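Q: Could you look at this predicted model? Sequence included:
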Amino acid sequence: MSLTMYQASIPSFVRMLGNLSTILDKAAAHAEAKKIDASIFINARLAPDMYPLNRQVQIATDLVKGCAARLAGIEVPSYEDNETTFPELQARIAKTVVFLQSVAAAQIDGSEEREITLKFGSKEAHFLGQAYLLDFVYPNFHFHLTTAYAILRHNGVEIGKMDYIGGY
């Protein structure tokens, strides 16, 4: 039996967003326990030219909601990108999971050859569905998840590899 486009995308996206949510919960608890202003974590970055934690979460959620919508041939939901607290980031993740779960397998399966065009300012990138999922979305999604994890770990939140990967 071969792996369908739906099986290769939505379940993994939902699982990893759940792991991210757990990591953010641990960060919020850490901030409260240590009497650290949570905005320090929300605005933290690994390097001056990198995005802060809140933007990492925004981009990660944008990638997967955009992927699901484009593969399904439906409109990509638009979010405001105005989250500045842990509860707001958690709400964004939850909203994204609800959207992902609303997209049926029948809408995504068979999208391997669907033409996908992304616009980056004045530039465009063209993909077929499978390459878009495997070569663009997955690496970018995991980059931003990993960066969010690393920001929090670097700032003393007690998280480890299993928090990122999740339970089996």
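A: Received it, and whenever you're ready, just let me know what you need. Residues are numbered from 1 along each chain as shown.
Q: Nearest spatial neighbour of the residue positioned nearest the centre of the chain, chain-adjacent residues omitted?
A: The structure's the chain has its C-alpha centroid closest to A60; by C-alpha atoms, centre = their mean the separation is 2.6 Å. With sequence-adjacent residues excluded and distances taken as C-beta to C-beta, 6 or more residues apart in numbering, A60 is closest to H144, at 4.1 Å. Using the backbone N, CA and C atoms, a C-beta is placed for each residue, glycine as well.
Q: Just the element for the one you found, please.
A: Element membership for H144 (DSSP states H and E) is helix 138-154.
Q: try L63
A: Under the criterion of DSSP H and E, L63 resides in helix 53-72.
Q: buried sites along the next helix or strand after that helix?
A: Downstream of helix 53-72, the next assigned helix or strand under DSSP H and E is helix 86-102. Using 16 or more other C-beta atoms under 10 Å as the burial criterion, the residues of helix 86-102 that qualify are F86, L89, Q90, R92, I93, T96, V97, F99, L100.
Q: same thing with stretch 157-168?
A: V157, I159, D163, Y164.
Q: what distance separates the start and the end of it?
A: One end of stretch 157-168 sits 22 Å from the other (C-alpha to C-alpha, to the nearest Å).
Q: Identify the residues contacting that stretch?
A: With contact meaning C-beta atoms under 8 Å, 6 or more residues apart in numbering, stretch 157-168 is reached by 15-16, 18-19, 22-23, 26-27, 30, 41, 145-146, 149, 152-153.
Q: Show me the shaky parts of the protein.
A: Across the chain, the ranges flagged by pLDDT under 70 are 1.
Q: Can you check which helix is longest in it?
A: helix 10-33 (DSSP state H).
Q: Could you give me the buried positions within that helix?
A: Per 16+ other C-beta under 10 Å, helix 10-33 contains these buried residues: 10, 13, 16-17, 19-21, 23-24, 27-28, 30-31.
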